[in-house]
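Visitor: structure of the sequence below:
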Amino acid sequence: MSATTTFADDIVYPDSDAKAMADSQQQAAVIRRLVAGFERVFADRQDVVVGGDFFWYPVEGVPKIVAAPDVTILFGVDQDDDLSNGRPGVYGGSIALTAEVMSSANTWREMTEKRMVHDRCGVPESWVFDPETAILEVWRRTEDGGLFAVADPADGSVSPLGNVRVSVEDGDLVIRDPDGRAWPRLTGIGLHELHDWERDA
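Guide: Modelled structure (predicted):
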């Protein structure tokens, strides 16, 4: 990700923390699967952007409040805009879903702190998956407000976003289209196979 910055009224909004997006191939593979899958789901939506490690600043003028999920889905933005980072006061838009994929460098306390930021951003749905332990958490906003944990999401939970089904199967995160087709793992998959999957959608 670019390490450039955006300036407005002498306030710096970093585009990157200069850290690698993923700490392991396992973590990177899950992130790529989520980004590629949601890009395909919303391929016909000009107002939806799917990003990885995308910085989101919910409060204009306060760059210390920032969310940078491994996967972010933005609604209400223009794909043609050069979004180096997300600033709703400038570009508009809102986060529809965040996903965090853990590595050995992460802790669950850190995930809780990140979720609290996502909650403050008004995120309606948030996923956390640990590839090493195969633990999946899904949090959704209720009508009462606030993110609440979905019970037993590893057994299968249908997201209102695209009606995709997320679960844990054989120790891996599995996402399925409404027709039941699983998103490819993108590990050892050839580019032609990925293109076939996208074309046949």
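Visitor: going forward, measure contacts and count neighbours with C-alpha atoms only.
Guide: Noted.
Visitor: which elements pack onto the top helix by length along the chain?
Guide: Under DSSP state H, the helix in the chain containing the largest number of residues is helix 25-41. Contact partners of helix 25-41 among helices and strands, from 3 or more Cα pairs under 8 Å, 6 or more residues apart in numbering; DSSP states H and E: strand 48-52, strand 71-75, strand 94-101.
Visitor: kindly recompute the last result at 10 Å.
Guide: strand 48-52, strand 71-75, strand 94-101, strand 125-130, strand 172-176, helix 191-199 (3 or more Cα pairs under 10 Å, 6 or more residues apart in numbering; DSSP states H and E).
Visitor: the ones you listed: which one's closest to Asp81?
Guide: Nearest to Asp81, of all the helices and strands packed on helix 25-41, is strand 48-52, at 10.0 Å by Cα to Cα.
Visitor: and that closest one, which strands flank it?
Guide: strand 71-75 (antiparallel) (DSSP bridges).
Visitor: contacts for the partner strand?
Guide: Taking contacts as Cα atoms under 10 Å, 6 or more residues apart in numbering, the residues outside strand 71-75 that touch it are 31-32, 34-35, 38-39, 42, 45-56, 86, 92-101, 123, 126-127, 161.
Visitor: give the PyMOL command for selecting the buried subset of those residues.
Guide: The PyMOL selection below is limited to those of the contacts of strand 71-75 classed as buried (16 or more other Cα atoms under 10 Å):
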select buried, resi 31+32+34+35+38+39+48+49+50+51+52+53+54+55+56+86+93+94+95+96+97+98+99+100+101+123+126+127
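Visitor: now do the most centrally placed residue in the chain, the pLDDT please.
Guide: For the chain, Val71 is the residue whose C-alpha lies nearest the centre (Cα atoms, centre = their mean; 2.2 Å). Residue-level confidence at Val71 comes out at 94, pLDDT.
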